[in-house]
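A.B. asks: quick one, fold the following:
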Amino acid sequence: MTLVLEEAQAAESVCSLENYLTLPDHTMDARIAAARQKLGASTVILGHHYQRDEVIRFADFTGDSYKLSKAAAETSAKYILFCGVHFMAESADVLGQAGQEVILPDLNAGCSMADMAEISQVEACWEALEAMGLTEDMIPLTYMNSTAAIKAFCGERGGLVCTSSNARAAFEWAFARGKRILFLPDQHLGRNTGYAMGIPLNEMTVWDPWALQGGQTKAAFESSRVILWKGHCSVHQRFLPSHVDQVRAKYPGIQVIVHPECRWEVCQKADALGSTERLIKIVEDAPEGSMFAIGTEIHLVNRLAKRFADKGKKIITLDDTGCLCTTMYRISPQHLAWALENLVEGRVVNQIKVRRNVKHWARVALDRMLEIKG
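C.D. replies: Predicted structure coming up:
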């Protein structure tokens, strides 16, 4: 009887996340390592660049969301623990092989940008534009940072998904097939991409989902080549042109490199734009003694500063108040240990599973992305 009670208590201890969250971060290290050893090749851990150091050091693969989803799909692992945010785990499920199960250690790890484009709002936008007679020659494109439902919406209507590194190639692909683009959900990436291609700002109009008819006249939409959804990254939008001016005044000769999710005004003042992977490459390829102010998430910036300190490279954040991705930060060593130890006990927690019809069209949109260069 005592043995049965002890076993039930042990099972309850593993099941309850609350029992983990009261423990210090460092006490999870040995437990995570032990669970990893027991699970072996059946489980793979993915860590996005913006994850905290205490979590990402356990990752088998690190990178941006699409790179990680592809890496997971190419493994033989049955379980994929995605230390990122919800839309990333969805993409891993869409791209994954039959039988693979995707786990998000904390279901509260969302994405403010992805949340700014809700599927019913996007469908209403499309219907309004259709009533204006503008959708016949319009191609919907969505950034990787969007829900599976939005990816499926674009796939079903002849569009595709893009990343920050191939956004221009996606625009070129779309313009070869239509006259206009509806770009979701990040207005800044869309504006920066279009402008770099020579599209004037006055030919890129913002659709505000909370305003009547998107907040613009029919004439404004008719004269636009790109209709931008009113969404943004809460981290990258915090960077301001004044931050660029201040850092240049304080550190003469410093190079300012920023993510294209930043405001157009910031990107115009920067020395270079680039996806997360591109920003890392710029720093890697720079000669010793180089100085960089980087406009992106603070965990990545701090990690690069430590990595290249012995190379004599000075790396700081563009905004010294620090720009933390609070949703990425939700995943802790405690969440990771809890998910792993449940797997050891034969329980799958927090599985992310995209509905079959959504998965089909989202996969179509993602597969089209593979057709383009960039």
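A.B. asks: residues near the spatially closest residue to Gly96 that is not a sequence neighbour, how many?
C.D. replies: Closest residue in space to Gly96, ignoring its immediate chain neighbours: Ala73 at 5.1 Å, by CB to CB, 6 or more residues apart in numbering. Glycine gets a C-beta too; all of them are placed from N, C-alpha and C. A count of nearby residues for Ala73, using other CB atoms under 10 Å, gives 17.
A.B. asks: my guess is Ala73 contacts Ala92, does it?
C.D. replies: Yes - Ala73 is within contact range of Ala92, at 7.3 Å (criterion: CB atoms under 8 Å).
A.B. asks: what's the distance between the nearest residue to His236 once chain neighbours are set aside and His360?
C.D. replies: The shortest distance from His236 to any non-neighbouring residue, by CB to CB, 6+ apart, is to Glu261 (3.9 Å). Relative to His360, Glu261 is positioned 29 Å away (CB to CB, to the nearest Å).
A.B. asks: next, the buried residues of the strand or helix carrying Lys359.
C.D. replies: Taking DSSP states H and E as the criterion, Lys359 maps to helix 356-371. Within helix 356-371, the residues that qualify as buried are 358-359, 361-366, 368-369, counting by 16 or more other CB atoms under 10 Å.
A.B. asks: want to try CSV for those, with pLDDT as columns?
C.D. replies: Formatted as CSV, the buried residues of helix 356-371 follow (pLDDT from 0 to 100):
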residue, pLDDT
Val358, 96
Lys359, 96
Trp361, 97
Ala362, 96
Arg363, 94
Val364, 96
Ala365, 95
Leu366, 91
Arg368, 92
Met369, 88
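A.B. asks: can I get these in JSON lines with distance to Phe175?
C.D. replies: Output for those, formatted as JSON lines (distance: CB to CB, whole Å):
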{"residue": "Val358", "distance to Phe175": "27"}
{"residue": "Lys359", "distance to Phe175": "28"}
{"residue": "Trp361", "distance to Phe175": "22"}
{"residue": "Ala362", "distance to Phe175": "23"}
{"residue": "Arg363", "distance to Phe175": "24"}
{"residue": "Val364", "distance to Phe175": "20"}
{"residue": "Ala365", "distance to Phe175": "17"}
{"residue": "Leu366", "distance to Phe175": "20"}
{"residue": "Arg368", "distance to Phe175": "15"}
{"residue": "Met369", "distance to Phe175": "16"}
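A.B. asks: for Lys67, see how far away the residue nearest to Gly96 is.
C.D. replies: Distance, Ala73 to Lys67, by CB to CB: 11 Å.
A.B. asks: picking up where we left off before, counting by contacts, list what the helix holding Lys359 packs against.
C.D. replies: helix 86-95, helix 148-156, strand 160-162, helix 167-175 (3 or more CB pairs under 8 Å, 6 or more residues apart in numbering; DSSP states H and E).
A.B. asks: can I get that helix in CSV, CA atoms only?
C.D. replies: Presented in CSV, the C-alpha positions along helix 356-371 are these (Å, rounded to 0.1, in the frame of the first residue of the first chain):
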residue,chain,number,x,y,z
ARG,A,356,-5.3,18.7,-40.9
ASN,A,357,-6.9,21.1,-43.3
VAL,A,358,-4.8,24.1,-41.9
LYS,A,359,-1.7,21.9,-42.0
HIS,A,360,-2.3,21.1,-45.7
TRP,A,361,-2.5,24.7,-47.0
ALA,A,362,0.2,26.0,-44.6
ARG,A,363,2.5,23.3,-46.0
VAL,A,364,1.6,24.5,-49.5
ALA,A,365,2.7,28.0,-48.6
LEU,A,366,5.9,26.8,-47.0
ASP,A,367,6.7,24.5,-49.9
ARG,A,368,6.3,27.4,-52.3
MET,A,369,8.8,29.3,-50.3
LEU,A,370,11.3,26.6,-51.1
GLU,A,371,10.9,27.3,-54.8
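A.B. asks: what's in contact with it?
C.D. replies: Defining contact as CB atoms under 8 Å, 6 or more residues apart in numbering, one finds that helix 356-371 is touched by 90-91, 93-95, 142, 148-149, 151-156, 159-163, 166, 170, 173, 354.
A.B. asks: low-confidence ranges in this protein?
C.D. replies: Across the chain, the ranges flagged by pLDDT under 70 are 1-15, 322-329, 373-374.
A.B. asks: so what does the residue nearest to the spatial centre of it look like in phi/psi?
C.D. replies: With distances taken as CA atoms, centre = their mean, the residue of the chain nearest its centroid is Asn145 (4.6 Å). When read as degrees, to the nearest 10, the backbone of Asn145 gives phi -80, psi 70.
A.B. asks: what's the nearest residue to it if we skip its chain neighbours?
C.D. replies: Distance criterion CB to CB, 6+ apart; nearest residue to Asn145, sequence neighbours excluded, is Met113 at 5.0 Å.
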